[in-house]
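>>> Next one to model:
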Amino acid sequence: MDNKLICVGAVMGAFGVRGEVRLKSFCAEPSAIEAYSPLVTETGESFDVKLVRTVKGGFGARLSGVQDKEAADALRGTKLYARRADLPTLPDDEYYHSDLIGLAVLDTGGARLGKVTAVQDFGAGDILEVAGAGLKEPVMLPFTRANVPTVDLSSGTLIADPPAGLFPERTDD
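Numbers count the residues shown, from 1 in each chain. The predicted structure is shown next:
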């Protein structure tokens, strides 16, 4: 798990003409992105990050090796990752989204409902996207203690007690 990468931000484009970028942080405390430097891209490039100013929707930042507007523009849309081991340890009832993706979803009786394929947040709290056999389309399961009473990262499972009708009735029992 130490080498696992977590997406902590993205370059939104150039900011000015001297190589600064507009940086969007996905961290709970947005300015913490600087502390996880150096950050890496999906292609393995590494950048030291220095936040310069707050701008609408994020930060104006300097990335090592980016000297001009053209280089900054070329990074537009680039996701930046930190090593999971460099991020803070969370309390027992909090999880990084990447830790939840891939977990098997079981109902309270132990029947498999599917697996978590994504974690969405449309503004009203986290929602687990669950896909699997027997599901015509992914099911959106609100990630609340009532709906997901147990998350066991070590076994790769979570127990769901979804609202009635959220998952199709199982006929293979």
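>>> low pLDDT regions in this protein?
1-3, 170-173 (pLDDT under 70).
>>> By residue count, which helix of it is the longest?
Criterion DSSP state H: the longest helix present in the chain is helix 69-74.
>>> and the residue nearest to E129 when sequence neighbours are not counted, what element?
Closest residue to E129 apart from its sequence neighbours, by CB to CB, 6 or more residues apart in numbering: A118 at 4.1 Å. Where you see a C-beta, it was placed from the backbone N, CA and C, and this is true even at glycine. Element membership for A118, per DSSP states H and E: strand 112-121.
>>> buried stuff in that strand?
By neighbour count on 16 or more other CB atoms under 10 Å, the buried set for strand 112-121 is 113-116, 119.
>>> Closest one to E29 out of the residues you listed, please.
V119 (19.1 Å; CB to CB).
>>> Bridging across strands, which residues link to that closest one?
In this entry, V119 is beta-bridged to L128, by DSSP bridges.
>>> how much space between it and V17?
V119 sits 37 Å away from V17, going by CB to CB, to the nearest Å.
>>> Repeat that for V116.
In this view, V116 and V17 are 43 Å apart by CB to CB.
>>> ok, which stretches of the protein are helices?
Counting by DSSP H, the chain has helices at residues 69-74, 97-100.
>>> Distance to C7 for those - can I get that in TSV?
Listed next are the helices of the chain as TSV, based on distance: least, CB to CB, whole Å:
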stretch	distance to C7
helix 69-74	19
helix 97-100	8
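>>> Mind putting these into JSON lines with mean neighbour count?
Below are the helices of the chain laid out as JSON lines (neighbours: other CB atoms under 10 Å):
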{"stretch": "helix 69-74", "mean neighbour count": "16"}
{"stretch": "helix 97-100", "mean neighbour count": "17"}
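>>> Restrict stretch 137-148 to CA atoms and write it as CSV.
This file holds the C-alpha atoms of stretch 137-148, laid out as CSV (Å, rounded to 0.1, in the frame of the first residue of the first chain):
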residue,chain,number,x,y,z
GLU,A,137,-26.6,-0.4,-14.6
PRO,A,138,-24.6,0.7,-11.6
VAL,A,139,-26.5,1.4,-8.4
MET,A,140,-25.8,4.6,-6.5
LEU,A,141,-25.6,3.8,-2.8
PRO,A,142,-25.4,6.7,-0.4
PHE,A,143,-22.3,6.3,1.8
THR,A,144,-23.9,6.7,5.2
ARG,A,145,-23.5,4.7,8.4
ALA,A,146,-27.1,3.5,8.0
ASN,A,147,-26.5,2.2,4.5
VAL,A,148,-23.0,1.0,5.0
